[in-house]
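**Student:** Sequence first, then the predicted structure:
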Amino acid sequence: MGATVNTFLAVAQLVSGWLLNSQALIADGVHTVSDLATDAVVLFAARKAAASPDQEHPYGHARIETLATVIVGVFLAFAGLAIAWAAGSRLIEPEAMTGPANMAIAFAVLTLVAKEGLYQYTHRVAKRLNSRMLDANAWHHRTDAISSLFVLVGVGAAVAGLPWADALAALIVALFILHIAGRLIVRSAAELIDTALEPEKVNRIHRTILDVPGVKDAHMLRTRRHGSDVVADVHIQVAPMISVSEGHRIADAVNRAVTGEHERINDITVHVDPENDEEQARSSGLPLRPVLVEALREAWADTRELDAVEHVSLHYLGGRVHVTVTLRLDGATRGGDLETRARALADRLRAHPKVGHVLGEVTLLYRPCT
């Protein structure tokens, strides 16, 4: 729709501006030609941005919209500079000025009506589709309508006997175009470098996360724009001794809550923490399960309980490894003072030279055979 209207307007403005001696109309015509180029960019980017993720672009193609918005801004900037140069050159040579013909007013009115109509139509579609790129193009049409208003005033004043008003209107249009171009480029550049959402929006997302049952706290919440969408990641703190599957279930609930209540967020990565890793000692240097299990085998090598081990649970908390060993209570382990025996086995593991210095609590649980 925009391309069709702009094609008609560009021809009408350039031809009428040349025939009727109106630099303001010619300037507006050049502006409309730039609109045609940006319409082509928008059409191309909209198709590409809607493509599904692939191997080379696993996060999708939404950033094409952002790049297209930058291109729209650059086109506007070049058009504004060209118009400003021509209008300024004419203003400094007043002796060469002649006013436009009366018919130029009719073409200025036609342009104003068409541009404002395009803005209203495109803005409604952009809002319905939640497309920043299309909304940028809608505001492009609005700037066209405002510039056309200046053109109408300038042409009218020039027809009334003030020939410099036509060139002045063209210069005002150029400056307005440059302002809008700069705003589009700056906003899109901020998106390309992963600028976060506004603080109040981030706070609303944070409150949504904290409302999910099982979430004790949330930290390291990061957001960034991705075309017309927003992606985020966050660390949530849950009870330290719950199972992996319960932690995953809570994370899934956080994902659903955030994407369900905040329509522009279509993806959030949730990292589950058993403690606040911003404040607590990190466990990244602690040994993994194979090392700890091997140390357990070595420490209990000459005990009858080694063959009765059913499960070893490890909890990495506070910079220590807390170990819970479940033993099968049968003929080999039954009898005697189990509590005293458990303390002796725990002491053996704590005395192991490889892992003793990183151990926290060592707990033994006896499970009766059925």
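**Tutor:** Ah, there it is.

**Student:** Please make it C-alpha for all contacts and neighbour counts, starting now.
**Tutor:** Noted.

**Student:** isn't Ile185 right up against Ala77?
**Tutor:** No. If you go by CA atoms under 8 Å, Ile185 and Ala77 don't touch, sitting 9.4 Å apart.

**Student:** In contact with Val293: list those residues for me.
**Tutor:** Val312 (CA atoms under 8 Å, 6 or more residues apart in numbering).

**Student:** Is it within a helix or a strand, and which one?
**Tutor:** Taking DSSP states H and E as the criterion, Val293 maps to helix 289-299.

**Student:** Now find how far off-centre that helix is within its chain.
**Tutor:** 45 Å (CA atoms, centre = their mean, to the nearest Å).

**Student:** Using neighbour counts, pick out the buried residues of it.
**Tutor:** Going by neighbour count (16 or more other CA atoms under 10 Å), the buried part of helix 289-299 is 292, 295-296, 299.

**Student:** Looking at those residues, which is nearest His322?
**Tutor:** Relative to His322, the closest of the buried residues of helix 289-299 is Leu292; by CA to CA it sits at 10.8 Å.

**Student:** Show the contacting residues for that closest one.
**Tutor:** Taking CA under 8 Å, 6+ apart as the test, what Leu292 contacts is Val355.

**Student:** where do the helices sit along the stretch 1-150 of the chain?
**Tutor:** Listed in chain order, the helices of the stretch 1-150 of the chain (DSSP state H, counting those that start in this stretch) span 2-19, 23-49, 63-91, 104-129, 132-159.

**Student:** quick one: which of those helices is nearest Ala308?
**Tutor:** With CA to CA, the closest approach to Ala308 among the helices of the stretch 1-150 of the chain belongs to helix 63-91: 57.3 Å.

**Student:** Please pull out the lowest mean pLDDT helix or strand from the chain.
**Tutor:** helix 23-49 (a mean of 73; mean pLDDT, DSSP states H and E).

**Student:** Okay, domains of the protein per the record?
**Tutor:** Domain segmentation of the chain under automatic domain parsing yields 2-192, 199-273, 289-368.

**Student:** what's the distance between the next helix or strand after the helix holding Val293 and the middle of its chain?
**Tutor:** Following helix 289-299 in sequence order, the next helix or strand is strand 309-317 (DSSP H and E). Relative to its parent chain, strand 309-317 has a centroid offset of 39 Å by CA atoms, centre = their mean.

**Student:** Partner strands of the helix or strand immediately after strand 309-317 in the chain, with direction?
**Tutor:** Counting by DSSP H and E, the next helix or strand C-terminal to strand 309-317 is strand 320-329. For strand 320-329, the paired strands and their directions (DSSP bridges) read strand 309-317 (antiparallel), strand 359-368 (parallel).

**Student:** which intervals of the stretch 1-150 of the chain have sub-threshold pLDDT?
**Tutor:** 23, 38-39, 42, 49-50, 53, 57-62, 90, 93-102, 132-133 (pLDDT under 70).

**Student:** Touching the strand or helix carrying Val258 from outside, list them.
**Tutor:** Per DSSP H and E: Val258 is located in helix 244-261. Residues outside helix 244-261 that contact it (CA under 8 Å, 6+ apart) are 205, 208-209, 212-215, 236, 238, 265-272.

**Student:** next one: that helix to chain centre, how far?
**Tutor:** With CA atoms, centre = their mean, you get 20 Å for helix 244-261.

**Student:** Dump that helix to PDB, keeping only the CA atoms.
**Tutor:** What follows is helix 244-261, C-alpha atoms only, in PDB (Å, rounded to 0.1, in the frame of the first residue of the first chain):
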ATOM      1  CA  VAL A 244      16.700 -31.800  39.700                       C
ATOM      2  CA  SER A 245      13.300 -32.600  38.300                       C
ATOM      3  CA  GLU A 246      11.500 -30.300  40.700                       C
ATOM      4  CA  GLY A 247      14.000 -27.500  40.000                       C
ATOM      5  CA  HIS A 248      13.400 -28.000  36.300                       C
ATOM      6  CA  ARG A 249       9.600 -27.900  36.900                       C
ATOM      7  CA  ILE A 250       9.900 -24.600  38.700                       C
ATOM      8  CA  ALA A 251      12.100 -23.200  35.900                       C
ATOM      9  CA  ASP A 252       9.500 -24.200  33.400                       C
ATOM     10  CA  ALA A 253       6.800 -22.500  35.400                       C
ATOM     11  CA  VAL A 254       8.900 -19.300  35.400                       C
ATOM     12  CA  ASN A 255       9.200 -19.500  31.600                       C
ATOM     13  CA  ARG A 256       5.500 -19.900  31.200                       C
ATOM     14  CA  ALA A 257       4.600 -17.100  33.600                       C
ATOM     15  CA  VAL A 258       7.000 -14.600  32.000                       C
ATOM     16  CA  THR A 259       6.100 -15.300  28.400                       C
ATOM     17  CA  GLY A 260       2.400 -15.500  29.300                       C
ATOM     18  CA  GLU A 261       2.200 -12.200  31.200                       C
END
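
**Student:** With that, I have no additional questions.
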